[in-house]
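Visitor: Dropping a prediction and its sequence here:
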Amino acid sequence: MNEKIIIALDFDGFADAKNTVDALPEAVFFKVGLQAFLKFGDLIIPYLAVKNKKLFLDLKFKDIPNTVFGAVQSALKFSPDMLTIHLSGGRAMIQKAIEAAREKPDLKILGVTVLTSLGEEDLVEMGMNMSPREAVLTLCRLGIDAGIKTVVCSPQEIEPIRQRFGAAVELVTPGIRPAWSAKGDQKRVFTPKMAIEAGSDYLVVGRPITQHQHTDEAFRLILQEIS
């Protein structure tokens, strides 16, 4: 069950990220997003390797197909276990990302559907006249057809995806907030237990653990809840 919880290292400095990794010996997966990657990726990624941790490199590539092909190939030098792309980049881009990842067969290319910070009003403002659920299902269908086996979605879309696509895809869900933590800027959230029961495979958890007074205790509370 330890691998089901992915710790988001969303920090301004390497010291905080390193301290979090050290404080969580039971954790297996750690997410390095854009902020951490650009500020101290050259430090934290090798450190995770030394500590035998798994790397979720969350860079959310989206560009023309050949550029994403090159970006994924370039990212392979970091030996990620998971790497994100935006499914809204289209079929050709998705397929080029998968092609580039073939050099590392155990790498999971994760298709990002709709960011958990977005609600229906945001999609309407962007000209997408559909609900987040409809948008997620549309993008999920596109990803599966293009060869994606793992998608990122909010907890609220877990059950609709499972109902429509069954076990065809693995689900990685950010927007996880235990009942005892603040909601923050996430709009579509579940507790860890709700997400696992709905059918999520991996939970991305950041602030409820990393900003908790007792980091290891917060991790164990979530682990206990989903076990």
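Guide: Ah, there it is.

Visitor: Now for Asp106, how many residues are close by?
Guide: By other CB atoms under 10 Å, 7 other residues sit near Asp106. Quick note: C-beta positions are derived from backbone N, CA and C, even for glycine.

Visitor: got a pLDDT number for the closest residue to Met82 other than its chain neighbours?
Guide: Once flanking residues are discounted, Met82 sits nearest to Phe56: 4.2 Å by CB to CB, 6 or more residues apart in numbering. We note a pLDDT of 98 for Phe56 in this prediction.

Visitor: pretty sure Leu223 contacts Leu24?
Guide: No - here Leu223 does not reach Leu24: they are 10.5 Å apart, not a contact under CB atoms under 8 Å.

Visitor: Compare those two (neighbour count), which wins?
Guide: Relative neighbour count places Leu24 above the other of Leu223 and Leu24, with 22 against 16, counting by other CB under 10 Å.

Visitor: Can you pull the phi and psi angles for the more buried one?
Guide: Main-chain torsions, Leu24, degrees, to the nearest 10: phi -130, psi 70.

Visitor: what's downstream of the longest helix anywhere in the chain, the next helix or strand?
Guide: With secondary structure taken from DSSP state H, the chain has its longest helix at helix 34-50. Next helix or strand after helix 34-50 toward the C-terminus (DSSP states H and E): strand 54-61.

Visitor: then whatever helix or strand comes next after that following strand to CSV, C-alphas only?
Guide: Counting by DSSP H and E, the next helix or strand C-terminal to strand 54-61 is helix 65-75. Extracted in CSV, the C-alpha atoms of helix 65-75 (Å, rounded to 0.1, in the frame of the first residue of the first chain):
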residue,chain,number,x,y,z
PRO,A,65,4.6,16.0,-31.5
ASN,A,66,8.3,16.1,-32.5
THR,A,67,9.1,18.5,-29.6
VAL,A,68,7.4,16.2,-27.1
PHE,A,69,9.2,13.2,-28.6
GLY,A,70,12.5,15.0,-27.9
ALA,A,71,11.4,16.2,-24.5
VAL,A,72,10.5,12.6,-23.4
GLN,A,73,13.7,11.3,-24.7
SER,A,74,15.6,14.0,-22.8
ALA,A,75,13.8,13.2,-19.6
